[in-house]
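Novice: I'd like to go over a predicted model; first the sequence, then the structure.
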Amino acid sequence: MNIISKSSAFKVLVLSIIVGVTLPTVALAAPYTQQVNLATADNFAVLGGSAITNTGSTVINGNVGLAPGSAISGFPPGLINGTQYTNNSTATKAKTDLVTAYNDAASRTPVTSVIAAGALGSMILTPGVYTAADSTFELDGPLTLDGEGDPNAVFIFQAASSLITAGASTVILQNGAQACNVFWQVTSSATLGTNSTFKGNILSLTSITATTGANVVGSLLARNGAVTLDANTITNETCAGGEAFAAPALPNTGVETTSSRFITPVVVTLIALFTAAGAFYAIRTNQNR
């Protein structure tokens, strides 16, 4: 007695092959936010366009660069634990790379969430791309960025206008999130409040002001305007674990080629094919009885 007909078995085989071929495409289409590649701009804790001005006992742990301007003042009393590049080829190349990175961050899609009124205080956010409903991001309390256990988790904030943080506000990184993978693209200017603690890389079109006592883990990168400092501590940290830079952007084919996301669909395909082969074997065995 036949368990299933030849017609049914053929349908099983066809369905299995279709499922096996289709599943990889579906699985590979999951969203994935790549890091914004700062290239040589990543070597700078502070990079300005027109001027860099400091007041008080600022400590910069990293390089300082300026181009095309030439006025860097306030060091000393400020301290630079790195190299200062003023309107030379190194600073100019970093500025060119900053422009590329800024444009990349500004164009990233799809947007994970639109923050109502741009108010980030007391929020817990997971990796993704965020915009402000009223064009300005305002941080008036703790903002927690949760990396969900991934050291390569990327956070991109797109401000069509400004970034303003209140005094004593904080950015908290948890579960693997790293400052090197947090990018604040600001179309106008950024202002960090007194005694605030900020994490990430600010890519500002115009100016950046760190008021008295503001501490930064990341970098302050101003394309065209000035960077103004006042008794701040700025530390440019490299990524720990995972990748220091993301791979170059791939063509937008709608299909990801991340290897870890390809393995599972392949296994599913093989299982489907072996299942179909087993069905035919069962038919042949029962026909010969």
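Specialist: Cool, the structure landed. Numbers count the residues shown, from 1 in each chain.

Novice: show me the shaky parts of the chain.
Specialist: Scanning the chain for pLDDT under 70 picks out 1-32, 241-289.

Novice: can I see the domain layout of it?
Specialist: Here the domain assignment for the chain is 6-29+260-287, 44-235, based on automatic domain parsing.

Novice: could you measure from the closest residue to residue 181 other than its chain neighbours over to residue 179?
Specialist: In space, and not counting its chain neighbours, residue 181 is closest to residue 154: 4.9 Å by C-beta to C-beta, 6 or more residues apart in numbering. C-beta here means a position set from N, CA and C on the backbone, and glycine is covered the same way. Using C-beta to C-beta, to the nearest Å, residue 154 is found at 12 Å from residue 179.

Novice: the residue nearest to residue 181: what's it in contact with?
Specialist: Residues near residue 154 by C-beta atoms under 8 Å, 6 or more residues apart in numbering: 33-36, 127, 181-183, 246.

Novice: same deal with residue 131?
Specialist: 111, 113-115, 157-160.

Novice: one more time with 7 Å
Specialist: Applying C-beta atoms under 7 Å, 6 or more residues apart in numbering to residue 131 gives the contacts 111, 114, 158.

Novice: dump those to TSV, plus neighbour count and distance to residue 220.
Specialist: Listed next are the contacts of residue 131 as TSV, based on neighbours: other C-beta atoms under 10 Å; distance: C-beta to C-beta, whole Å:
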residue	neighbour count	distance to residue 220
111	12	25
114	12	26
158	22	18
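
Novice: go through these and name the one nearest residue 75.
Specialist: Nearest to residue 75 among these, counting by C-beta to C-beta, is residue 158 at 32.2 Å.

Novice: and that closest one, which of the three is it?
Specialist: Classification of residue 158 by DSSP: H, G, I helix; E, B strand; the rest coil places it in strand.

Novice: for residue 116, see how far away the closest residue in space to it that isn't next to it in sequence is.
Specialist: Leaving aside its sequence neighbours, residue 158 sits nearest to residue 131 (C-beta to C-beta, 6+ apart; 4.7 Å). For residue 131, the distance to residue 116 (C-beta to C-beta) stands at 11 Å.

Novice: now do the helices in the stretch 51-200 of the chain.
Specialist: Applying DSSP state H, counting those that start in this stretch to the stretch 51-200 of the chain gives helices spanning 89-107.

Novice: isn't residue 169 right next to residue 195, touching?
Specialist: No. If you go by C-beta atoms under 7 Å, residue 169 and residue 195 don't touch, sitting 9.0 Å apart.
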